[in-house]
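Participant: Quick one: sequence and predicted model below, then my questions.
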Amino acid sequence: MINNNYVLKTLWYSLFKFLVKFSLFFYTKKIIVNGKENIPKKGAVLFLVNHPNGLIDPLIVAVNNPRTQYFLVRAASFKNPLIKRFLESLNLMPIFRMRDGVRQLGNNLEVFSKCFDLLKQQKALMIFPEGSHNHRRNVRNLSKGFTRIVFGALEKNPTLDIYLIPVGVTYQNPSIYPSNVSVHYGTPILANDFYNPEVIHLEIKRLKEIIRSQLKTLTVHIPLDKDYEKTLNKLTSQNVDFTEVEKVNQMIKTKKIMGRAKKINLVSFLKPIIILNCIIPWIIWKYIENKIEEFEFIDTFRYGINSITVSVNFIILTYLISSFYNLAIGIIYLTSSLLLILLYNKLHPIPAK
């Protein structure tokens, strides 16, 4: 018997995924995806993603992944009841951290139990094992939360195969709009090979090291030592393409940095036209931008707010133009407006940062 709630939720997830992918096509200059062939078509999978750029990270990975996914995100995002219901409808689940309060950590037991069931049902989960976001071009030490989920699921279901896939997300310059992004899917790792209850602490450490080692090759990794800022400044001054991850990591390793000439912005004249056409969304964004405290959330809010306000702006203006003139003129206005944005985004040169 077909579960109507399941069908509706699946349709809602697919629709939202399509809308996000469509809007990201206009929001970003390019999203480069590598290693998609490493994603199993079925079976229990845990995607382990680095976390440089707030809530836009899971959106970019999810819409460039054929699997329907369930996400673990920080509990602070679920404080508002309406937002909580919306996030849950899209398969997001809260994960509580020490900063949320010691008492809150007990809530993770219920979340972990849900994860065990989802893996048993051969579903795909996404988690950010670094535990928090940070814009530094460095893969941080991983928390053991993901190992609790994996080994807990194997304890309850010893015959279940669970694959772990590290995923590297790299932005050319997340502080400006638009930006290039690369998503690299790593080599699948069978978690069962690491599950040994007799030496579980050693296996947790070994698994974390292997995952982190892969992530260092899937995104740009500058060792966080006294030379970090010096290396980063050299890379940005040479205008390297950070989305060419393997090439940039080799430069860091050999200390031979080969950059690119800065391109002339041939579409800069389009910016004032686009702003004038979207003046109210632009004013709203500038007002909100000054209130964002964390750098890593600027791109997330910019994408989310502008996706809504610009869409509403075009719907209203298209309706008004169609009412004053005719539908054909309204469609011409909407089409030309979208083409201007697309032209600006795809031809705008992105400096390194």
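Facilitator: Great, that's in hand. Numbers count the residues shown, from 1 in each chain.
Participant: Which is the succeeding secondary structure element to the longest strand anywhere in the chain?
Facilitator: When the chain is parsed with DSSP state E, its longest strand is strand 162-171. Next in sequence after strand 162-171, counting helices and strands by DSSP states H and E, comes strand 180-185.
Participant: Do you have the strands of this structure handy? List them.
Facilitator: Applying DSSP E to the chain gives strands spanning 30-34, 44-49, 69-74, 92-95, 124-127, 162-171, 180-185, 189-190.
Participant: Can I get the ones you listed in a markdown table including distance to residue 144?
Facilitator: From N, CA and C alone the C-beta is placed, and that goes for glycine too. Output for those, formatted as a markdown table (distance: least, C-beta to C-beta, whole Å):
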| stretch | distance to residue 144 |
| --- | --- |
| strand 30-34 | 28 |
| strand 44-49 | 12 |
| strand 69-74 | 14 |
| strand 92-95 | 13 |
| strand 124-127 | 12 |
| strand 162-171 | 14 |
| strand 180-185 | 23 |
| strand 189-190 | 16 |
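Participant: CSV please, covering those and showing mean pLDDT and distance to residue 202.
Facilitator: What follows is these, written out as CSV (pLDDT from 0 to 100; distance: least, C-beta to C-beta, whole Å):
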stretch, mean pLDDT, distance to residue 202
strand 30-34, 96, 32
strand 44-49, 97, 20
strand 69-74, 86, 25
strand 92-95, 83, 25
strand 124-127, 95, 22
strand 162-171, 98, 17
strand 180-185, 97, 28
strand 189-190, 97, 17
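Participant: To residue 293, which of those strands lies closest?
Facilitator: Closest approach to residue 293 among the strands of the chain is made by strand 69-74 (15.1 Å; C-beta to C-beta).
Participant: Compute the inter-axis angle for the closest one and strand 44-49.
Facilitator: 50 degrees (axes from the mean of the first three to the mean of the last three C-alpha atoms, to 10 degrees).
Participant: quick one, phi psi at the nearest residue to residue 237 once chain neighbours are set aside?
Facilitator: In space, and not counting its chain neighbours, residue 237 is closest to residue 259: 7.5 Å by C-beta to C-beta, 6 or more residues apart in numbering. Taking degrees, to the nearest 10, you get phi -100, psi -170 for the backbone angles of residue 259.
Participant: Let me see the contact set for residue 259.
Facilitator: Listed by C-beta atoms under 8 Å, 6 or more residues apart in numbering, the contact set of residue 259 reads 235, 237, 238, 239, 240.
Participant: Relative to residue 250, how far out is it?
Facilitator: According to C-beta to C-beta, to the nearest Å, residue 259 stands 14 Å off from residue 250.
Participant: What is the burial count for residue 126?
Facilitator: Residues contacting residue 126 under the criterion other C-beta atoms under 10 Å number 24.
Participant: And the one 3 residues further on, by the same measure?
Facilitator: Residues lying near residue 129 (other C-beta under 10 Å) number 25.
Participant: I'd like the numbering to begin with 190 instead of 1 from here.
Facilitator: Got it, the first residue is 190 from now on, which makes the last one we talked about residue 318.
Participant: That one contacts residue 235, correct?
Facilitator: No: using C-beta atoms under 8 Å, residue 318 is not in contact with residue 235; the gap is 9.4 Å.
Participant: any shared contact partners between those two?
Facilitator: With C-beta under 8 Å, 6+ apart as the test, residue 318 and residue 235 both reach residue 335.
Participant: which residue packs closest to residue 460, ignoring adjacent ones?
Facilitator: In space, and not counting its chain neighbours, residue 460 is closest to residue 533: 6.7 Å by C-beta to C-beta, 6+ apart.
Participant: and the residue most central in space within the chain, what does it touch?
Facilitator: Residue closest to the average C-alpha location in the chain (C-alpha atoms, centre = their mean): residue 246, at 1.3 Å. Counting by C-beta under 8 Å, 6+ apart, residue 246 makes contact with 238, 240, 317, 322, 358.
Participant: how near is the fourth one to residue 263?
Facilitator: Looking back up the chat, that one is residue 322. As judged by C-beta to C-beta, residue 322 and residue 263 stand 9 Å apart.
Participant: Also the second one?
Facilitator: Here the criterion is C-beta to C-beta. By it, residue 240 lies 10 Å from residue 263.
Participant: more crowded one of these two?
Facilitator: For residue 240 versus residue 263, neighbours defined as other C-beta under 10 Å are more numerous around residue 240 (23 against 18).
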